[in-house]
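# Coordinates only, no sequence provided:
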């Protein structure tokens, strides 16, 4: 949630900087003083835009990796029998999940589910 807010603020800042530099009225052509080596507003805007895109790509990749992590699921039924399955983290939705090999599993209220992180 925090990244969404920061992303929105960064985009607003970049747009404000771009329009601020474009909305200045043209001045009369005179001899320009020598450049002082300062950083232009355009350079700042493009740098911020690049930074926002890089951070967004990083967040996307980290989220994708987390959702595609394999987890072990151990189910114990009411008689005490246990079954083990493996599924991607994104495929687990409460008491329903889809295994890696494509089987859809729905659990009863009496079944006990344990979700274990797969150790590499």
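Good, I have the coordinates. Quick caveat, the model's predicted, so the values are computed rather than measured. Numbers count the residues shown, from 1 in each chain.
# pLDDT averaged over the longest helix seen in the chain - what is it?
What stands out as the longest helix in the chain, according to DSSP state H, is helix 41-67. What helix 41-67 shows for mean pLDDT is 92.
# Check which helices and strands it is in contact with.
Packing contacts for helix 41-67, counted by 3 or more C-beta pairs under 8 Å, 6 or more residues apart in numbering; DSSP states H and E, involve helix 2-22. Placement of C-beta: from N, CA and C, glycine included.
# buried residues in the longest helix of the chain?
45, 49, 52 (16 or more other C-beta atoms under 10 Å).
# Any idea how many residues pack against the closest residue to the second one other than its chain neighbours?
When the adjacent residues along the chain are set aside, residue 49 lies closest to residue 14, with 5.3 Å between them (C-beta to C-beta, 6 or more residues apart in numbering). Burial of residue 14 is recorded as 18 neighbouring residues (other C-beta atoms under 10 Å).
# again, but for residue 91
For residue 91, the neighbour count with other C-beta under 10 Å is 19.
# Which residue, other than its chain neighbours, is closest to it?
residue 98 (4.3 Å).
# residues touching the one you found, list them.
Residues near residue 98 by C-beta atoms under 8 Å, 6 or more residues apart in numbering: 87, 91, 104, 105.
# Same list (those residues) but as TSV, adding distance to residue 116 and pLDDT.
As requested, the contacts of residue 98 are exported to TSV (distance: C-beta to C-beta, whole Å; pLDDT from 0 to 100):
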residue	distance to residue 116	pLDDT
87	11	94
91	15	93
104	20	94
105	16	93
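# Adding distance to residue 70 and secondary structure, write the residues you listed out as JSON lines.
Shown next, in JSON lines, are the contacts of residue 98 (distance: C-beta to C-beta, whole Å; DSSP: H, G, I helix; E, B strand; the rest coil):
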{"residue": "87", "distance to residue 70": "7", "secondary structure": "strand"}
{"residue": "91", "distance to residue 70": "10", "secondary structure": "helix"}
{"residue": "104", "distance to residue 70": "17", "secondary structure": "strand"}
{"residue": "105", "distance to residue 70": "15", "secondary structure": "strand"}
